[in-house]
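Q: Sequence plus predicted model, see below.
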Amino acid sequence: MRTYERGSYEFLRDRPAPEATIEALMFSLRRGVSELTKPDTLRRLSELDQGQLKAACRRVQNFSPEIATPWSPDEVAALIAKWRELRERR
């Protein structure tokens, strides 16, 4: 990889995910923890920075029961573990 390409990649890699990406991720997570096996969900999850991950964890735990089942602590732990795994691959 050329120096310019590497620099661009490193710059983009560490940027927070766009709001549209976060909302698409949250929409998919409404279907439950099984979404953590879907390529689109994993791609979106991998784009979150640590602060965005924390916010997503709070949101899944606070899903309105009319919209989606709130996530259990174990399910949230699985979300965090998957995010860490994805980030280590980067």
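A: Cool, got the structure.

Q: which outside residues touch the longest helix belonging to the chain?
A: Counting by DSSP state H, the longest helix found in the chain is helix 73-89. With Cβ atoms under 8 Å, 6 or more residues apart in numbering as the test, helix 73-89 has contacts from 29, 32-33, 36, 42, 45-46, 48, 53, 56-57, 60-61, 71. Using the backbone N, CA and C atoms, a C-beta is placed for each residue, glycine as well.

Q: Who wins on neighbours among these?
A: Compared across the contacts of helix 73-89, Leu45 has the highest neighbour count, 26 neighbours, by other Cβ atoms under 10 Å.

Q: any idea how far that residue is from Cys57?
A: 11 Å (Cβ to Cβ, to the nearest Å).

Q: swap in Ala81?
A: Ala81 is 12 Å from Cys57, by Cβ to Cβ.

Q: Lowest average confidence across helices and strands of this protein, where is it?
A: The helix or strand of the chain with the poorest confidence is helix 3-13; it has a mean of 50 (mean pLDDT, DSSP states H and E).

Q: and after it, which helix or strand comes next?
A: helix 19-29 (DSSP states H and E).

Q: List the buried residues for that following helix?
A: Residues of helix 19-29 classed as buried under the neighbour-count rule (16 or more other Cβ atoms under 10 Å) are Thr21, Ile22, Ala24, Leu25, Met26, Ser28, Leu29.

Q: ok, now stretch 57-68?
A: Cys57, Val60.

Q: residues making contact with that stretch?
A: Residues from elsewhere that reach stretch 57-68, judged by Cβ under 8 Å, 6+ apart: Met26, Leu29, Arg30, Arg31, Gly32, Thr69, Pro70, Trp71, Glu75, Val76, Leu79, Ile80.

Q: can we see that at 6 Å?
A: The set of residues external to stretch 57-68 that reach it, using Cβ atoms under 6 Å, 6 or more residues apart in numbering, is Met26, Leu29, Arg30, Pro70, Trp71, Val76.
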